[in-house]
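Novice: Below: sequence and its predicted model.
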Amino acid sequence: MLRDHWYHRREGDDPGPAGRLLKAWRWLGERSVVRTADWEINLAALLAHRFDEALQDTIAFATDQMKGQGSPVGAAAAVAATSLRFRPDCRPLALWLADAVLAHRLKWPVPVPLLAAHLKRGDLRHAAAHVEGASPWRTACNLAYARGAAAAADLYGDLARRADKLLEAAPQLRGKDADMMVAILLCEDAQPAKTGKAASDRSSRRLFERLVSLSAVRELTGRPTFRLYGL
């Protein structure tokens, strides 16, 4: 339902609370996100939280940890624990900042959302008691990042194979927006068949039907109308 709402909304529409949370996680994966102007205020707005002193202290601690030494996972765990102490009402903030700090310390070109999807809900109770060094919270974060890294590697392998198949099929396409649609499919989870810069709705539908027949993309919804396509 969230995927449908996100990809079928019009530009400028409010995506709603769940959509704004999704937008925050998508924003995390953008290059140099924490170096953009007013990123702290934008993050607070996406997470629907006031930019108060507690939030500023949380972000200041996270920014300081980006410059530190020692274990990157340890820094991410400390940032998440501190965030949960300062702003216990905003768990997504803690997990978002942890992944941003980890990526910065490891010098990744962009952050990857790993912790939120692989941290067990019961592990959050250990965050409040976390101190520097070994702790149940640090152990939980270590395991969550290990699970997340393994899952990300598996997903990358699957998507890379599907992307290669799409690129192999691309020269067989004749639509006016074919190159643009292929580029979108390589970057987005899904894409509706709709009017492009040079193609009509009908032409766009034919393009995606051709891609499905070549096994280059999949129709994701199982519906006869308002379809979405992706790798």
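Specialist: Alright, I've got the coordinates.
Novice: now the worst-scoring helix or strand of the chain on mean pLDDT: how far from the chain's centre is it?
Specialist: When the helices and strands of the chain are scored by mean pLDDT, DSSP states H and E, helix 39-46 comes last with a mean of 79. Remark: helix 39-46 is offset 16 Å from the chain centroid, using CA atoms, centre = their mean, to the nearest Å.
Novice: Next secondary structure after it?
Specialist: From helix 39-46 onward toward the C-terminus, using DSSP states H and E, the following helix or strand is helix 53-66.
Novice: What ranges in the chain fall below the confidence cut-off?
Specialist: Along the chain, segments meeting pLDDT under 70 span 31-37, 48, 131-134, 195-199.
Novice: If you count neighbours, what's buried in the longest helix along it?
Specialist: Longest helix in the chain by number of residues (criterion: DSSP state H): helix 136-169. By 16 or more other CB atoms under 10 Å, the buried positions in helix 136-169 come out as 137-138, 140-142, 144-145, 147-148, 162-163, 165-166, 169. Heads up, the C-betas are built off the backbone N, CA and C, glycines and all.
Novice: Pull the least confident helix or strand of the chain out as CSV, backbone CA atoms only.
Specialist: Provided in CSV are the C-alpha atoms of helix 39-46 (Å, rounded to 0.1, in the frame of the first residue of the first chain):
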residue,chain,number,x,y,z
TRP,A,39,19.8,18.9,6.9
GLU,A,40,19.0,18.8,10.6
ILE,A,41,15.8,20.9,10.2
ASN,A,42,14.8,18.9,7.1
LEU,A,43,15.2,15.6,9.0
ALA,A,44,13.1,16.9,11.9
ALA,A,45,10.4,17.9,9.5
LEU,A,46,10.3,14.5,7.8
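Novice: And for that helix, what's in contact with it?
Specialist: The set of residues external to helix 39-46 that reach it, using CB atoms under 8 Å, 6 or more residues apart in numbering, is 20-21, 23-24, 27, 33, 36, 50-51, 55-56, 59, 93, 96.
Novice: Residue ranges of each domain in this structure, please.
Specialist: As assigned by automatic domain parsing, the chain contains the domains 2-154, 173-230.
Novice: For the chain, just list every one of the helices.
Specialist: 2-8, 16-28, 39-46, 53-66, 72-86, 91-105, 115-118, 136-169, 178-187, 201-213.
Novice: Between these, which one is closest to P224.
Specialist: Ranking these by proximity to P224 (CB to CB) places helix 201-213 first, at 11.6 Å.
Novice: relative orientation of that closest one and helix 178-187 in degrees?
Specialist: For helix 201-213 against helix 178-187, the angle by axes from the mean of the first three to the mean of the last three CA atoms, to 10 degrees is 60 degrees.
Novice: Which elements pack onto helix 201-213?
Specialist: If you count contacts as 3 or more CB pairs under 8 Å, 6 or more residues apart in numbering; DSSP states H and E, helix 201-213 packs onto helix 178-187, strand 218-219, strand 228-230.
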